[in-house]
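Colleague: Compute the structure for the input listed below.
(chains A and B)
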2 protein chains.
Amino acid sequence: MGELPMRLTVISLEEPTDRVAAVFTSNAFPGAPVRVGRRRMAESGKLQAVVINNKISNVSPPDSDGGVSASETLCAELAKQLSLESAELVLPSSTGVIGWRLPVKEMVAALPQAEDLATGSAVPAAKGIMTTDRYPKLAARELSQGRLVGIAKGAGMIEPNMATMLCFLLTDVDLPRTELQTMLTEAVADTFNCISVDGDESTSDTVALLSSGQAGPVPKEEFQAALQAVCADLAAQVVRNGEGTGHVIRVAVTGGDTPTARSVAKAVANGPLFKSAIAGNDPNVGRLIGKVGQALGSAASLADGCVCRIGGETIFAEGQFQLDTEKEKRLSGHLKFASADCESSYPQHRRVVDVEVMLGGGGSGKAVVLGSDLTTEYVKINADYRS
Amino acid sequence: MGELPMRLTVISLEEPTDRVAAVFTSNAFPGAPVRVGRRRMAESGKLQAVVINNKISNVSPPDSDGGVSASETLCAELAKQLSLESAELVLPSSTGVIGWRLPVKEMVAALPQAEDLATGSAVPAAKGIMTTDRYPKLAARELSQGRLVGIAKGAGMIEPNMATMLCFLLTDVDLPRTELQTMLTEAVADTFNCISVDGDESTSDTVALLSSGQAGPVPKEEFQAALQAVCADLAAQVVRNGEGTGHVIRVAVTGGDTPTARSVAKAVANGPLFKSAIAGNDPNVGRLIGKVGQALGSAASLADGCVCRIGGETIFAEGQFQLDTEKEKRLSGHLKFASADCESSYPQHRRVVDVEVMLGGGGSGKAVVLGSDLTTEYVKINADYRS
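Modeller: Numbers count the residues shown, from 1 in each chain, chains lettered A, B, ... in the order given. Sure thing, here's the model as predicted:
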């Protein structure tokens, strides 16, 4: 971590806009930038710029105000530099080690050299916000009028391994703020809140959407679909780029109600034994059933008639395992096909380990969660971090 | 796993007893022995013997009755051999790979050679029920009249890695069945249900208590204390013996209400990033705060004033980290002192990484959870299982 230089990235618009929306971590110990950001959204509700730093997340540092004035100072200095009306127009965002003090003075001095996403390609900004990420993450969609572009960072779900999830979405469509917030909240629920590298939620997670409104209005449904697609794309890239990730696991659960389906899918995606087996290309299907049964607990009606498939192969149905030697070979083949070199500095493919769980007893619940396997590399990255 | 021979272990009493109690897994896919055991407890309610096998857990095998008749056949044959009145007096218990068929014929043939805990030392039986366990686990307490002896197995929380948690407790005190069941349920809640190697719950977990009643009655409080102590001792041994466990982590949470305290303690004990840091002797305290905050979510009153200590050192208080270089060194020392060789075939010491979380806002909640670190050995054991 000592080797990683701090980088400052700025996103700026030509005019202030109230077409903004944001979703923050639900962690009870949010970082100072999250606390400031929440206040911006509640008070002025207008933004013109975002300033992002990596390396230090500004969470509960030994400052009397928990890092808030450090974030505010940075916003004020950027506002001055960009000739904005007020520091209130700047959203701060930090990712990096928890508990350290932000070197505000050095950061202010470095502001003029910050990478700026005001114009041109989003690639430098996507690179600028990286920490342990192995590659920059971008996604975009063209709309009937205007465009939606997003950049994200994240490699584990939590820092201090400098891997908090941040996402910034920019568009020029003309849609009112309340609609943007509703659509963003929904899109985050189905995408960023349905991924897991390690089940650890950070103190700094932030997804922010800013619209200049300079293109015309587009139908609400059109923008919503694009927003979902861009968020889903970025979320998948975050998992693919997870610390030590060799396999991305896609768990689709149907049946029961949606909260139950989601909790089963999350349990499977976060099950250490199942994740470890996938890492070893071992279709250890008992671990899948064990985890589904654990998540269901005594909800026997959802267990009766439960069907599980991996790679399209039925491995459990009618209360029994449905396996034979040939099927096991095909399952191993599916896992190997989905594996990737977890050291690679670019995404090699978009293949996933495809897990389907159909709960018994009917029910129209639905959830899709993307997770990663559990590799020795993950443990090495996170155990040897400072030793 | 192919190398591990199947072993049969028998526990038998001289007379049938209705002084029995049992707690089973809450997994929605329980194995056949658990289903048979639940029926025994509900119907006859009398037991005289237990027959335990390792290697195959008899969970959802491709039998038309899900393995129930396989378990029943084994009970019937043991009843015949021991001249018991009925097969209903035998509790079956299996641990091992999920989804395989029990080789009943071979097991019946092997019954006469089964290790029997009828008389003498409990060590052979404790060894008999081992699977990936590196050492046998026993605990005992003398009572004013009679004795309580327990054996347990378990190295991960779930099989197919052959590591389901089983525990058998034997005593000769004369206490009525209903009291035994209440006391066992309580003891399990505070001990076996407060440990976690990997957060994976098995389909076969069983804790059974049998009393011959041949010693006199003892005060209820005396037995309860002994039961708690023996269960706590065995539970700690299971964690100490966890797959790849290098550190045992003791998380004590006070404040809030007890369910909240327990959920915070479990979240910390199961947090992959915190567990990985402990494995590397890295006092990465930001990960502890992140996990506590995640478990609390928006319960801000419990976050305000929260105090966290590791090894007796205050690392977080008044909303800030309380760290300095000397304290960090002491924290590293505490972790190193608590570490053990995870390959060792005997427990080297009983030291733990001592984590305390005092939630803010008052509240009399209390929970202690024992967990293990997350090591590369854990992943290797569980990834390379069949490859």
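
Colleague: Provide a list of residues in contact with the closest residue in space to residue A:9 that isn't next to it in sequence.
Modeller: Nearest residue to residue A:9 in three dimensions, chain neighbours excluded: residue A:128, at 3.7 Å (Cβ to Cβ, 6 or more residues apart in numbering or on different chains). All C-beta spots, glycine's among them, are computed from the backbone N, C-alpha and C. Residue A:128 makes contact with A:7-9, A:52, A:54, A:114-115 under the criterion Cβ atoms under 8 Å, 6 or more residues apart in numbering or on different chains.

Colleague: Over to residue A:117?
Modeller: Contacts for residue A:117 (Cβ under 8 Å, 6+ apart) come out as A:9-12, A:124-125, A:151, A:168, A:170.

Colleague: what does residue A:30 give?
Modeller: A:24, A:38, A:59, A:203-204, B:293.

Colleague: just the residues of the stretch 1-150 of chain A that are near chain B, which are they?
Modeller: Contact residues, the stretch 1-150 of chain A versus chain B (Cβ under 8 Å from any Cβ of the partner chain): A:26-30, A:59-63, A:66, A:97-99.

Colleague: Just the buried subset of those residues, please.
Modeller: Buried subset of these (neighbour count, 16 or more other Cβ atoms under 10 Å in any protein chain shown): A:27-30, A:59-63, A:66, A:97-99.

Colleague: what's the pLDDT at residue A:159?
Modeller: Residue A:159 is assigned a pLDDT of 37 by the prediction.

Colleague: And for residue A:301, nearest residue in space, chain neighbours not counted?
Modeller: Nearest one to residue A:301, counting by Cβ to Cβ, 6+ apart, is residue A:361 at 4.1 Å.

Colleague: again with residue A:312
Modeller: With sequence-adjacent residues excluded and distances taken as Cβ to Cβ, 6+ apart, residue A:312 is closest to residue A:354, at 6.7 Å.

Colleague: and that neighbour, what element?
Modeller: Here residue A:354, judged by DSSP states H and E, is contained in strand A:353-358.

Colleague: Looking at that strand now, give me its mean pLDDT.
Modeller: For strand A:353-358, the mean per-residue pLDDT is 97.

Colleague: Each with direction, which strands does it pair with?
Modeller: When pairing is defined by DSSP bridges, strand A:353-358 lines up against strand A:248-254 (parallel), strand A:307-310 (antiparallel).

Colleague: Hmm, residue A:266 is touching residue A:196, no?
Modeller: Yes: if you go by Cβ atoms under 8 Å, residue A:266 and residue A:196 touch, sitting 6.6 Å apart.

Colleague: so what sits against both of those two?
Modeller: residue A:369.

Colleague: mind listing the strands in the stretch 101-250 of chain A by residue range?
Modeller: A:115-116, A:137-142, A:147-153, A:166-171, A:195-196, A:206-211, A:248-254 (DSSP state E, counting those that start in this stretch).

Colleague: Tell me how far the last one lies from the chain's centre.
Modeller: Its chain's C-alpha centre lies 16 Å from the corresponding centre of strand A:248-254 when counted by Cα atoms, centre = their mean, to the nearest Å.

Colleague: per-residue confidence averaged over it?
Modeller: For strand A:248-254, the mean per-residue pLDDT is 96.

Colleague: and that strand, C-alpha only, in PDB?
Modeller: Taking Å, rounded to 0.1, in the frame of the first residue of the first chain, the C-alpha atoms of strand A:248-254 are listed here in PDB:
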ATOM      1  CA  VAL A 248     -17.300 -15.300 -11.100                       C
ATOM      2  CA  ILE A 249     -20.300 -17.200  -9.700                       C
ATOM      3  CA  ARG A 250     -23.700 -16.200 -10.900                       C
ATOM      4  CA  VAL A 251     -26.400 -17.400  -8.500                       C
ATOM      5  CA  ALA A 252     -30.000 -17.100  -9.800                       C
ATOM      6  CA  VAL A 253     -32.700 -18.100  -7.300                       C
ATOM      7  CA  THR A 254     -36.400 -18.300  -8.200                       C
END
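
Colleague: export the strands paired with strand A:353-358 to TSV and tack on mean neighbour count?
Modeller: Shown next, in TSV, are those (neighbours: other Cβ atoms under 10 Å in any protein chain shown):
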stretch	mean neighbour count
strand A:248-254	23
strand A:307-310	20
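
Colleague: Who are the contact partners of the residue of the stretch 1-150 of chain A found nearest chain B?
Modeller: In the stretch 1-150 of chain A, the residue that lies nearest chain B is residue A:98 (2.9 Å; Cβ to the nearest Cβ). Applying Cβ under 8 Å, 6+ apart, we find residue A:98 in contact with A:31, A:57, A:59-60, A:159-160, A:203, B:285-287, B:289-290, B:321.

Colleague: Name the nearest residue to the residue nearest the centre of chain A, sequence neighbours excluded.
Modeller: Compute the mean C-alpha point of chain A, and by Cα atoms, centre = their mean the closest residue is residue A:192, 4.3 Å away. When the adjacent residues along the chain are set aside, residue A:192 lies closest to residue A:235, with 5.0 Å between them (Cβ to Cβ, 6+ apart).

Colleague: What about the contacts of residue A:30, which are in helices?
Modeller: Counted as lying in helices by DSSP state H, out of the contacts of residue A:30, are A:38, B:293.

Colleague: Now, of the contacts of residue A:30, which are buried?
Modeller: By the neighbour-count criterion of 16+ other Cβ under 10 Å, those include these buried positions: A:24, A:59, A:203-204, B:293.

Colleague: for chain A, longest strand please?
Modeller: Secondary structure of chain A per DSSP state E: the longest strand is strand A:8-17.

Colleague: is chain B contacted by the helix-or-strand element of chain A with minimal mean pLDDT?
Modeller: None of the helices or strands of chain A scores lower by mean pLDDT, DSSP states H and E than strand A:195-196, at a mean of 79. No: using Cβ under 8 Å from any Cβ, strand A:195-196 never reaches chain B; the gap is at least 10.0 Å.
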